[in-house]
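# After the sequence you'll find the predicted model.
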Amino acid sequence: MRDMTFPANKSAQQTAPALRMRDVRLSLGGRHVLDSLNLCIDTHGVTALMGPNGTGKTQALRLMHGLIRPTAGTVTWNDTPAEAKTSTQALVFQKPVLLRRSVAANIDFVLKARRGDRSRRDALLDHVGLLDKARQPARALSGGEAQRLALARALALDPQVLLLDEPTASLDPGSVLAIERIITQAAHQGVKVILVTHDVGQARRLADDVVFLHRGRVAEHSPAHQFFPRPQSAVARDFINGRIVV
Ligand SMILES: Nc1ncnc2c1ncn2[C@@H]1O[C@H](COP(=O)(O)OP(=O)(O)OP(=O)(O)O)[C@@H](O)[C@H]1O
């Protein structure tokens with residue numbers, strides 16, 4: 001796996017936009033999944049979005065990416081509604097859907113759609129350690145390899161913002177570290193990363209700040225260096241200490 005700079009990544013070289021969620025409510029199936037959610041996320045670094053199962057992290061990511069609209073309230077990136085910003089962002093799902101084509105063709109598809117430089121494909125695959133599998137069917141990749149391909153595909157979009165939903169769930173420690181390295185490098189290149197993770201160790205390793213969601217609201221938003229040693233909310237404290245939070 002080779003380090004890589006993103007010379008074609010012009011948008012990420014600009015300052016990434018800041019996220020504002022104001023008085024957001026999201027109702028699904030007659031239930032308020034998110035309610036009175038207010039959040040400001042800075043333009044730099046890695047933000048970890050944490051919280052117990054079912055607390056609304058995935059739905060919050062979908063709102064941030066403009067895939068869905070809030071029932072009430074606003075979600076904006078530098079005052080532009082999230083649904084108008086999707087071309088400068090990439091979202092990688094927990095179980096990425098890959099095209100029924102080769103590994104290389106999955107990247108080509110994105111580069112072509114973006115009128116990008118196809119020669120970047122090999123550099124991207126090398127960056128995620130998949131160059132030797134370029135001709136293999138993408139759907140035959142292991143879980144960790146599929147996640148790395150999904151990340152390469154997302155980076156091929158030259159995103160200013162990378163939204164990641166549990167990118168290392170159920171991967172072995174080596175695969176986790178490989179993916180964390182890709183995430184760290186993207187952040188160092190100026191890509192804003194918002195990462196949903198249940199892995200406290202991972203959040204400690206990667207995050208600059210932590211948003212802790214509980215029952216559809218922000219229970220706490222703190223710099224990582226404060227959050228882990230001195231969480232302000234009882235729910236975050238219990239979560240970090242491995243106690244069950246519902
Ligand atoms: N289409 C839907 N209709 C009704 N409820 C839904 C729908 N989609 C999600 N929900 C509910 O919204 C809540 C939040 O779901 P979400 O997937 O955002 O949680 P999460 O914090 O990401 O959970 P996990 O950590 O388990 O992945 C859950 O209670 C879920 O059951």
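That came in fine, so what should we check first?
# Could you use CA atoms for every contact and neighbour count after this?
Will do.
# Name the SS class of Thr168, please.
coil (DSSP: H, G, I helix; E, B strand; the rest coil).
# show me what contacts Val103?
Each residue near Val103 by C-alpha atoms under 8 Å, 6 or more residues apart in numbering is listed here: 133-138, 149.
# hang on, Thr15 packs against Gly190?
Yes: in this structure, Thr15 is within contact of Gly190 by C-alpha atoms under 8 Å, at 7.3 Å.
# Mutual contacts of those two, please.
Contacts common to Thr15 and Gly190, judged by C-alpha under 8 Å, 6+ apart, are 44, 160.
# could you dump stretch 83-99 to CSV, C-alpha only?
The C-alpha atoms that make up stretch 83-99 are tabulated as CSV, following Å, rounded to 0.1, in the frame of the first residue of the first chain:
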residue,chain,number,x,y,z
GLU,A,83,-29.1,18.3,-0.8
ALA,A,84,-27.2,20.8,-3.1
LYS,A,85,-23.8,19.7,-1.9
THR,A,86,-23.7,16.0,-2.8
SER,A,87,-21.3,16.4,-5.7
THR,A,88,-18.5,17.7,-3.3
GLN,A,89,-19.1,14.9,-0.8
ALA,A,90,-18.8,11.1,-0.7
LEU,A,91,-20.6,8.7,1.6
VAL,A,92,-19.3,5.2,2.2
PHE,A,93,-21.9,2.8,3.6
GLN,A,94,-21.2,0.1,6.2
LYS,A,95,-21.9,-2.5,3.5
PRO,A,96,-20.7,-0.9,0.3
VAL,A,97,-22.5,-1.8,-2.9
LEU,A,98,-20.0,-2.6,-5.6
LEU,A,99,-20.7,-2.9,-9.3
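# quick one: contacts for the most centrally placed residue in the chain?
Nearest residue to the geometric centre of the chain (C-alpha atoms, centre = their mean): Leu164, 2.0 Å. For Leu164, the residues meeting the contact criterion (C-alpha under 8 Å, 6+ apart) are 91-94, 193-196.
# Quick check: PyMOL command selecting the buried ones in the contacts of Val103.
Listed next is the PyMOL selection for buried residues among these, using 16 or more other C-alpha atoms under 10 Å:
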select buried, resi 133+134+137+138+149
